[in-house]
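Novice: would you be able to build a 3D model of this:
(2 chains)
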Number of protein chains: 2
Amino acid sequence: MNKNSKSFLFRMEKNTLKPMDSEQLREYGHQMVDFIADYYKSIESFSVLSQVKPGYLRELLPDAAPKHPESLQDVLNDVQQKIIPGVTHWQSPDYFAYYPSNSSTAGFLGEMLSAGFNIVGFSWVTSPAATELEVIVLDWLAKILKLPNEFLSSGQGGGVIQGTASEAILVVLLAARDKVLRKIGRNSLEKLVVYASDQTHSALQKACQIAGIYPENFRVLKADSSTNYALIPYQLHEAIINDLSSGFIPFFLCATVGTTSSAAVDPLSDLGKIAKANDIWFHVDAAYAGSACICPEYRHHIDGIEEATSFGMNAHKWLLTNFDCSLLWVKDRSALIQSLSTNPEFLKNKASQENTVVDFKDWQIPLGRRFRSLKLWMVLRLYGVENLQSYIRNHIKLAEQFMQLITSDPRFEVVAPRTFSLVCFRLVPPEGDQDNGYKLNYNLLDAVNTSGKIFISHTVLSGKFILRFAVGAPLTEESHVKAAWKVLQDQATILLRE
Amino acid sequence: MNKNSKSFLFRMEKNTLKPMDSEQLREYGHQMVDFIADYYKSIESFSVLSQVKPGYLRELLPDAAPKHPESLQDVLNDVQQKIIPGVTHWQSPDYFAYYPSNSSTAGFLGEMLSAGFNIVGFSWVTSPAATELEVIVLDWLAKILKLPNEFLSSGQGGGVIQGTASEAILVVLLAARDKVLRKIGRNSLEKLVVYASDQTHSALQKACQIAGIYPENFRVLKADSSTNYALIPYQLHEAIINDLSSGFIPFFLCATVGTTSSAAVDPLSDLGKIAKANDIWFHVDAAYAGSACICPEYRHHIDGIEEATSFGMNAHKWLLTNFDCSLLWVKDRSALIQSLSTNPEFLKNKASQENTVVDFKDWQIPLGRRFRSLKLWMVLRLYGVENLQSYIRNHIKLAEQFMQLITSDPRFEVVAPRTFSLVCFRLVPPEGDQDNGYKLNYNLLDAVNTSGKIFISHTVLSGKFILRFAVGAPLTEESHVKAAWKVLQDQATILLRE
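Specialist: From the prediction side, this is the model:
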């Protein structure tokens, strides 16, 4: 049988396309599994950061879709020759940029199964298993993280899978906004004030833009090296007092456990007490570092979580669950539902009307939703909690080793304490350097990234240009950390010689 | 080699989990392909609509995640025995509810590949191929749909993949809101007015809630059987005149091509001219019926699209691209970007700073995004445009056949014209029926859906309870439509006898 024959490909009968033939799915699915397994086998051979120039693909692909079918082999050849050069390999063991976005065999299998069922789980009835597994698995994870019972589904709260932490922050901001506006009237929007440190992820700023919070009412409180870039409770307290005396209405505080720039940890307990005293919605964003808190020895970083109104972490970052899988827990699900529910006739059904089920459409921005709990469930079951803990510990150990390498070379310096698996460092600028090492470190970043051997990213802390080395890719081992360090040292030597 | 041995499963070395071993991925991936192919092979044996009771899964699964790993076989057994009974089978050929959500071999392969790369494509640099393929494929589809050139990426506009039509509507509503508020001042929010017919999807209402549009400023214009449930331009005109004279600011109009209840088509050309004359953002939502417009003989349903500011359709509904893949085109991408961009230091990079690339993070709500263009690209290449057209035509033909069956039985009536692949019908109530057939048809719906043999959904049109029969699942053939009709007839006979 000729695999590429059109008659097989489409199983044409009476000129009708058969796009979901189980035997075709089987044959092509096996080919794709091998293609992806081979990709992982050879992943270290690619430039981690894609080196293509803007517009490269336009020159390689036709201007219009084909009229007639092409073969899978043709498409896979194009993936190999035209797509992969334009891929930045987030799963490469030499990837240390931003924060990780973990793939795993279990997560991948979960994605496959979810794509196989291809259900749209907006309401319970559209696939009860999708909603119920999500509720159960979020309860599992809440228990692993030792979240307060109020976050479990058995009470007034519960967990839900959002696409990203941005969406998680947006939905709780909307819930908080509407809760207060229901009390004081819709035309008081201009008085609502949001608080966060200047280390908070830009997702909060974006959520404020979307929710219509007045930009001048977004209090960005300065955090600096004196607190290792953590928000200072006293500053929050003062800002609130000030705002109240000026007739503003404080309503939302976002704290971070593991900030994007330096993995700083805001002091939840003290912040939470201030929030509570002022009836402010207190969201805790632990998108990256939340995963570390599954280990008892790191759990203390979310001490004070009992003061929070909502809590988010991304299983798709550092917990081996393929993107996207952002977990959000709230203590009061009714606040979300009041903001986000609609009830059109065409979606009405007995289970929803009888109020015996959860309809997650009312906990999120979109209507439709994939069966994302499958992948998280498979990760937890195929690996088990102890293995996940050792996975986290190993990355933190590798980050510690990298930090030791940095400190062993006097040309470099560590510029913020390492709490999890992120190391912030830079090349020490020569004395009297005009821009305090900005250009030097920018050039080092550019040099190592264009080498294609590693990919790291940067930030600015207290005006200093800083390099970020985030350990967390699933394939990263000690040898990769050592090799990365050599790339950094070699490029530093070249730059300092110039 | 024992497939289930833990030593193989985790390739433990020095007690470290190896969660992304290429040979493990290969072996388990093949097992999962077979599992999914077998699912499709046996899909007709399941109850289309899941018949489980609320809370069923809680009783079947443990209260906590396992400490130690479990075998893939155990998990797959649980999927078979515990999950599948709770799945509503959207891919079953006997699924006729809501609108379809197509899976296909090509779409599934694209999902696999996307999950395999597991990149997070927020900015061009994070995987240039992801952004560039999306731009190219959206241009391809714009050409297939014969959209005006202003929607192509070569000008000021362009296309982007959103998760859902809800998100597409939200981002354009935000862009429109902010565009007008930049002119007239942020505190004029209370004056902004949105227009749509009462047949518009609830996604618009939700978007208005999120964007803070005053609920009393959402003009829901009545559409009825006199225009086959299409919005009447004159009504829009009158409403705008009224609002202007009362000091309101009309700013957003949403028209629909293929409404959710009855697949009604709003008259784009006339509506668009009114919108243009009043400087109103004109969004066209063709989430379902947009796919039909790839056929020349149905393209006229989006005639007038040149008047639109933005246009959306869901490739994940009826164009064989697995969920989620909602396509949005705008004529002025800068409006989106002005509303949705943020520019934190940690995401800055040369390509973005030099303004030579598209960063899709600024066209959407979330920051992170999957490599979704792969699946749409694979659908277009593996099937080709002509096959996709014949796929659509076949479903429309099947819907015509179903309508003929309905009209052949005097106990039933068709209650709205069939334009695409949706048939709206009901059992004619006996003369003097107290609730005009509400209970009768509700009971028929309940009876056929609890039979497990087919799944259809309902709506209410002009106060009548209506049954919706939407052809569009990839496996549906003539025999399934005939069998569905028999289920309906048999249940009707039982009900009418009672």
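
Novice: A:Leu138 is in what secondary structure piece?
Specialist: Taking DSSP states H and E as the definition, A:Leu138 sits inside helix A:128-144.

Novice: where do the helices sit along the stretch 1-150 of chain A?
Specialist: Taking DSSP state H, counting those that start in this stretch as the criterion, the stretch 1-150 of chain A carries its helices at A:6-10, A:22-41, A:72-78, A:105-117, A:128-144.

Novice: so which of those is the most packed in?
Specialist: helix A:105-117 (a mean of 27; mean count of other C-beta atoms under 10 Å in any protein chain shown). For glycine as for every other residue, the C-beta is placed from the backbone atoms N, C-alpha and C.

Novice: all strands for the stretch 301-450 of chain A, in order.
Specialist: Here the stretch 301-450 of chain A has its strands, by DSSP state E, counting those that start in this stretch, at A:310-314, A:326-330, A:412-414, A:422-427.

Novice: can you list the ones you listed in JSON lines and add mean pLDDT and mean neighbour count?
Specialist: Listed next are the strands of the stretch 301-450 of chain A as JSON lines, based on pLDDT from 0 to 100; neighbours: other C-beta atoms under 10 Å in any protein chain shown:
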{"stretch": "strand A:310-314", "mean pLDDT": "98", "mean neighbour count": "29"}
{"stretch": "strand A:326-330", "mean pLDDT": "98", "mean neighbour count": "28"}
{"stretch": "strand A:412-414", "mean pLDDT": "98", "mean neighbour count": "17"}
{"stretch": "strand A:422-427", "mean pLDDT": "98", "mean neighbour count": "26"}
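
Novice: ok, which of these comes nearest A:Thr105?
Specialist: Ranking the strands of the stretch 301-450 of chain A by distance to A:Thr105, with C-beta to C-beta as the measure, places strand A:310-314 first at 19.3 Å.

Novice: please see if that closest one touches chain B.
Specialist: No: figure legend: strand A:310-314 not in contact with chain B (C-beta under 8 Å from any C-beta of the partner chain); closest approach 8.7 Å.

Novice: ok so, going back, so after the helix holding A:Leu138, what's the next helix or strand?
Specialist: For helix A:128-144, the following helix or strand on the C-terminal side (DSSP H and E) is strand A:158-162.

Novice: that following strand vs helix A:128-144, what angle?
Specialist: 110 degrees (axes from the mean of the first three to the mean of the last three C-alpha atoms, to 10 degrees).

Novice: neighbouring strands - and their directions - for strand A:158-162?
Specialist: If you go by DSSP bridges, strand A:158-162 pairs up with strand A:326-330 (antiparallel).

Novice: what is the orientation angle of the partner strand with strand A:310-314?
Specialist: Using the same axes, to 10 degrees, the inter-axis angle of strand A:326-330 relative to strand A:310-314 is 170 degrees.

Novice: what's strand A:326-330 in contact with?
Specialist: Strand A:326-330 is contacted by residues A:138, A:141-142, A:147, A:151, A:157-165, A:167-168, A:171-172, A:175, A:287, A:290, A:309-316, A:336, A:376 when judged by C-beta atoms under 8 Å, 6 or more residues apart in numbering or on different chains.

Novice: what residues sit buried inside the top helix by length along chain A?
Specialist: Longest helix in chain A, counting residues (DSSP state H): helix A:373-408. For helix A:373-408, burial by neighbour count (16 or more other C-beta atoms under 10 Å in any protein chain shown) applies to A:373-385, A:387-399, A:401-403, A:405-406.

Novice: any idea of the mean pLDDT in it?
Specialist: Averaging the model's pLDDT scores along helix A:373-408 yields 98.

Novice: for A:Val428, give me phi and psi.
Specialist: phi -70, psi 130 (degrees, to the nearest 10).

Novice: now do the same contact list for it.
Specialist: Contacts of A:Val428 by C-beta under 8 Å, 6+ apart are A:Pro410, A:Arg411, A:Phe412, A:Glu413, A:Gly437.

Novice: mind putting those residues into TSV with distance to A:Glu345?
Specialist: Formatted as TSV, the contacts of A:Val428 follow (distance: C-beta to C-beta, whole Å):
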residue	distance to A:Glu345
A:Pro410	71
A:Arg411	69
A:Phe412	64
A:Glu413	64
A:Gly437	63
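
Novice: re earlier: tell me which of the strands of the stretch 301-450 of chain A sits nearest to B:Ser71.
Specialist: Here strand A:326-330 is closest among those (C-beta to C-beta), at 25.4 Å.

Novice: ok and that closest one relative to helix A:373-408, angle-wise?
Specialist: Going by the same axes, to 10 degrees, strand A:326-330 makes 100 degrees with helix A:373-408.

Novice: now strand A:326-330, how far from the chain's geometric center?
Specialist: 12 Å (C-alpha atoms, centre = their mean, to the nearest Å).

Novice: cool, stretch A:56-71 as well?
Specialist: On C-alpha atoms, centre = their mean, the centre of stretch A:56-71 falls 33 Å from that of its chain.

Novice: how close does the nearest residue to A:Val194 once chain neighbours are set aside sit to A:Ser479?
Specialist: Nearest non-adjacent residue to A:Val194, counting by C-beta to C-beta, 6 or more residues apart in numbering or on different chains: A:Phe252, 4.6 Å away. Distance, A:Phe252 to A:Ser479, using C-beta to C-beta, to the nearest Å: 45 Å.

Novice: the two: which has the busier surroundings?
Specialist: Neighbour count, other C-beta atoms under 10 Å in any protein chain shown: between A:Phe252 and A:Ser479, A:Phe252 has more, with 28 against 9.

Novice: so that one: helix, strand or coil?
Specialist: Following DSSP: H, G, I helix; E, B strand; the rest coil, the label given to A:Phe252 is strand.

Novice: from A:Lys82, how far out is A:Glu59?
Specialist: Per C-beta to C-beta, A:Glu59 is found 10 Å from A:Lys82.

Novice: er, A:Ile294 actually
Specialist: From A:Ile294 to A:Lys82 the distance is 40 Å (C-beta to C-beta).

Novice: more crowded one of these two?
Specialist: For A:Ile294 versus A:Lys82, neighbours defined as other C-beta under 10 Å are more numerous around A:Ile294 (21 against 18).

Novice: now that one. Nearest residue, chain neighbours left out?
Specialist: The nearest residue in space to A:Ile294 (C-beta to C-beta, 6+ apart) is A:Ile144, at 5.1 Å.

Novice: residue contacts, the one you found?
Specialist: Counting by C-beta under 8 Å, 6+ apart, A:Ile144 has contacts A:Ile294, A:Val385, B:Ala64, B:Ala65.

Novice: now do A:Asn149
Specialist: Residues near A:Asn149 by C-beta under 8 Å, 6+ apart: A:Gly155.

Novice: can you do 10 Å?
Specialist: Shown in contact with A:Asn149 (C-beta atoms under 10 Å, 6 or more residues apart in numbering or on different chains): A:Ala142, A:Lys143, A:Gly155, A:Gly157, A:Glu306, A:Lys331.
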